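Engineer: all I have is the shape, not the residue letters:
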């Protein structure tokens with residue numbers, strides 16, 4: 001597929017041009033990517049695009065994902081993250097790469113301290129790194145801060161401290177926010193000479209329609225993609241979604257005889273409609289749509305005649321309905337669906353989702369007043385979590401399993417020492433701190449069962 005025919009590539013190129021223009025302004029220290037809601041995925045992709053070696057980008061980006069708690073902690077954590085990234089870069093298996101990479105023999109100097117400016121340590125080290133890299137004119141060391149924080153006001157304070165420092169001509173900071181959450185509006189007004197705002201303006205509605213239309217116009221897959229895109233855009237804009245939804249189901253059902261895997265698309269439509277009703281807080285209607293999705297998934301056993309696919313579709317459909325039932329406080333029905341979903345996820349080796357289904361089974365049992373059943377479910381969640389490596393567990397709701405086990409009377413099924421050992425095996429001796437922070441932005445706050453709802457239904 002040619003570059004000119006790809007609407008996503010075209011828009012990425014437009015975004016790259018806007019970045020290059022903003023970064024080229026000599027006074028610019030900070031670039032803010034201020035996106036529309038439907039441009040968030042493109043902005044995330046842009047960070048990956050900057051990192052590419054075959055994209056035409058000549059800048060040197062470093063994408064930081066350190067979490068902000070306070071000024072001093074964030075500054076030091078950024079440098080520690082950088083050391084980890086440099087170690088990965090320097091020790092990569094170069095024999096496995098098609099390109100030649102040069103090691104970066106540089107280390108941060110933690111003695112660069114300014115008691116009046118907590119960001120000085122980071123910025124001055126980055127100035128020195130830029131000098132070490134000997135970047136040519138017009139090429140920048142880009143510090144992309146993809147930061148999670150609780151208080152936007154506090155993080156903006158850190159950014160102000162950062163901008164008070166002298167910047168190398170080759171140094172730029174990149175941040176992003178959205179129209180619905182304009183986190184950096186104030187600092188942009190305060191520092192108009194040092195902060196440049198990029199408005200992507202990518203017309204993503206049209207881009208998605210163009211992508212959906214790629215292929216033969218009469219191909220059922222193309223027709224379905226177009227209708228499904230119209231459905232998603234109607235949902236996003238809070239318009240009547242029934243017409244594109246009916247069209248999607250019509251196309252999918254009419255093609256079931258040719259390919260039974262179209263049943264997955266029927267399930268996807270009902271999942272989308274259920275989530276649409278969540279936006280209106282019409283949970284009874286959402287449950288109706290989710291039940292239609294479960295019914296469609298049940299048909300997959302007969303249509304596809306593949307146990308693995310059947311259980312995968314059933315697990316996803318039941319997980320959605322269970323989450324909605326939990327939101328509606330129908331605890332018994334939710335427990336039934338979550339328990340069955342957990343067994344299906346275990347069969348298909350979807351360990352993360354199996355653990356979450358058991359966690360939610362425990363959560364709902366506890367809400368229903370059955371702590372014994374809750375403990376049994378949570379112990380199963382803990383057992384299945386052992387199949388995951390620690391770096392994967394850390395980005396799941398595993399802390400919620402530990403938290404619930406410690407809150408209820410579970411001694412009959414697992415000792416306090418065993419719970420603490422499981423936590424320490426993942427987080428080390430500071431596991432209690434991790435437990436305290438797990439509902440903050442580095443994790444999705446999963447104490448609200450509606451947060452488990454997902455529109456994704458795999459084919």
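Structural biologist: Looks like it came in fine. Computed from a predicted structure; not experimentally measured.

Engineer: from here on, just use CA atoms for contacts and neighbour counts.
Structural biologist: Noted.

Engineer: following the chain onward from the one helix or strand residue 81 maps to, which element is next?
Structural biologist: Using DSSP states H and E, residue 81 sits within helix 71-90. For helix 71-90, the following helix or strand on the C-terminal side (DSSP H and E) is helix 120-133.

Engineer: that following helix versus helix 71-90: what angle between them?
Structural biologist: Calculated by axes from the mean of the first three to the mean of the last three Cα atoms, to 10 degrees, helix 120-133 forms an angle of 20 degrees with helix 71-90.

Engineer: contacts for helix 120-133 next, please.
Structural biologist: The contact list for helix 120-133 (Cα atoms under 8 Å, 6 or more residues apart in numbering) reads 75-76, 78-79, 106, 108-114, 140-141, 161-162, 165-168, 170-171.

Engineer: run the last query once more with 6 Å
Structural biologist: Under the criterion Cα atoms under 6 Å, 6 or more residues apart in numbering, residues 75, 108, 112, 113, 168 lie in contact with helix 120-133.

Engineer: so the last one, which state does it fall into?
Structural biologist: When you say that, I think you mean residue 168. Classification of residue 168 using DSSP: H, G, I helix; E, B strand; the rest coil returns coil.

Engineer: how about it, nearest residue that isn't a chain neighbour?
Structural biologist: Distances taken as Cα to Cα, 6 or more residues apart in numbering put residue 127 closest to residue 168, at 5.3 Å, once the chain neighbours are dropped.

Engineer: run a quick neighbour tally on that neighbour.
Structural biologist: Residue 127: 18 surrounding residues under other Cα atoms under 10 Å.

Engineer: can you check the one 10 residues further on too?
Structural biologist: In terms of burial, residue 137 registers 9 neighbours under the definition other Cα under 10 Å.

Engineer: which element is it on?
Structural biologist: Judged by DSSP H and E, residue 137 forms part of no helix or strand.

Engineer: measure it to residue 292 for me?
Structural biologist: According to Cα to Cα, to the nearest Å, residue 137 and residue 292 sit 60 Å apart.

Engineer: same thing with residue 283?
Structural biologist: Applying Cα to Cα, the value for residue 283 to residue 292 is 14 Å.

Engineer: likewise for residue 377?
Structural biologist: Counting by Cα to Cα - residue 377 and residue 292 are separated by 27 Å.

Engineer: higher neighbour count, those two?
Structural biologist: Legend: neighbour count by other Cα under 10 Å for residue 377 and residue 292, higher for residue 377 (26 against 20).

Engineer: let me know whether the more buried one touches residue 356 as I believe.
Structural biologist: No. Using Cα atoms under 6 Å, residue 377 is not in contact with residue 356, being 10.4 Å away.

Engineer: ok so, going back, which of the contacts of helix 120-133 count as buried?
Structural biologist: The neighbour-count test (16 or more other Cα atoms under 10 Å) applied to these identifies 75, 108, 168 as buried.

Engineer: what stretches of the stretch 301-450 of the chain score poorly on pLDDT?
Structural biologist: Applying pLDDT under 70 to the stretch 301-450 of the chain flags the ranges 410, 437-450.

Engineer: going along the chain, name the helices of it.
Structural biologist: Secondary structure of the stretch 301-450 of the chain (DSSP state H, counting those that start in this stretch): helices located at 307-327, 331-347, 351-368, 371-385, 390-393, 398-407, 416-427, 431-437.

Engineer: would you reformat the ones you listed as TSV and include distance to residue 152?
Structural biologist: Formatted as TSV, these follow (distance: least, Cα to Cα, whole Å):
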stretch	distance to residue 152
helix 307-327	29
helix 331-347	36
helix 351-368	30
helix 371-385	33
helix 390-393	27
helix 398-407	25
helix 416-427	27
helix 431-437	17
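
Engineer: these: which one's closest to residue 175?
Structural biologist: Closest approach to residue 175 among these is made by helix 431-437 (23.2 Å; Cα to Cα).

Engineer: chain center to the closest one, what's the gap?
Structural biologist: Averaging C-alpha coordinates over helix 431-437 and over its chain gives two centres that are 21 Å apart (Cα atoms, centre = their mean, to the nearest Å).

Engineer: measure the residue nearest to residue 168 to residue 233 for me?
Structural biologist: Distance from residue 127 to residue 233, counting by Cα to Cα: 44 Å.

Engineer: could you do residue 360 as well?
Structural biologist: In this view, residue 360 and residue 233 are 31 Å apart by Cα to Cα.

Engineer: residues touching residue 139, list them.
Structural biologist: Going by Cα under 6 Å, 6+ apart, residue 139 touches residue 59.

Engineer: so where do the helices sit in the stretch 151-300 of the chain?
Structural biologist: For the stretch 151-300 of the chain, the helices defined by DSSP H, counting those that start in this stretch cover 152-163, 185-190, 204-212, 220-236, 242-254, 263-279, 283-303.

Engineer: and the last one, what other elements does it pack with?
Structural biologist: Applying 3 or more Cα pairs under 6 Å, 6 or more residues apart in numbering; DSSP states H and E, one finds that helix 283-303 makes contact with helix 263-279, helix 307-327.

Engineer: pick the most deeply packed of those.
Structural biologist: Mean neighbour count, computed with mean count of other Cα atoms under 10 Å, is highest for helix 307-327 among the helices and strands packed on helix 283-303, reaching a mean of 25.

Engineer: ok and that helix relative to helix 263-279, angle-wise?
Structural biologist: 10 degrees.

Engineer: name the residues that touch helix 307-327?
Structural biologist: With Cα under 6 Å, 6+ apart, helix 307-327 has contacts from 290, 293-294, 297, 300-301, 334, 337-338, 341, 344-345, 449-450, 453.

Engineer: between that helix and helix 351-368, how many degrees?
Structural biologist: 30 degrees.

Engineer: give me the mean pLDDT for stretch 143-154.
Structural biologist: Averaged across stretch 143-154, pLDDT comes to 91.

Engineer: list the buried residues in it.
Structural biologist: 143, 144, 145, 146, 147, 148, 149.

Engineer: and if you look at stretch 105-118?
Structural biologist: 108, 117, 118.

Engineer: got the contact list for the last one?
Structural biologist: Read that as residue 118. With contact set as Cα under 6 Å, 6+ apart, residue 118 has these partners: residue 72.

Engineer: the same query, at a cut-off of 10 Å, please.
Structural biologist: By Cα atoms under 10 Å, 6 or more residues apart in numbering, residue 118 lies in contact with 70, 71, 72, 73, 74, 75, 76, 158, 161, 162.

Engineer: quick check: the residue nearest to residue 168 vs residue 403, distance?
Structural biologist: Counting by Cα to Cα, the gap between residue 127 and residue 403 amounts to 43 Å.

Engineer: kindly report the same for residue 78.
Structural biologist: According to Cα to Cα, residue 78 and residue 403 sit 29 Å apart.

Engineer: one step back: pLDDT-wise, what's the bottom of the contacts of helix 120-133?
Structural biologist: Among these, residue 113 has the weakest pLDDT, 87.

Engineer: who wins for most neighbours among the contacts of residue 118?
Structural biologist: Ranking the contacts of residue 118 using other Cα under 10 Å puts residue 162 first, with 23 neighbours.

Engineer: neighbours around the nearest residue to it once chain neighbours are set aside, how many?
Structural biologist: In space, residue 162 comes closest to residue 119 once its chain neighbours are excluded; the distance is 5.1 Å by Cα to Cα, 6+ apart. For residue 119, the neighbour count with other Cα under 10 Å is 25.
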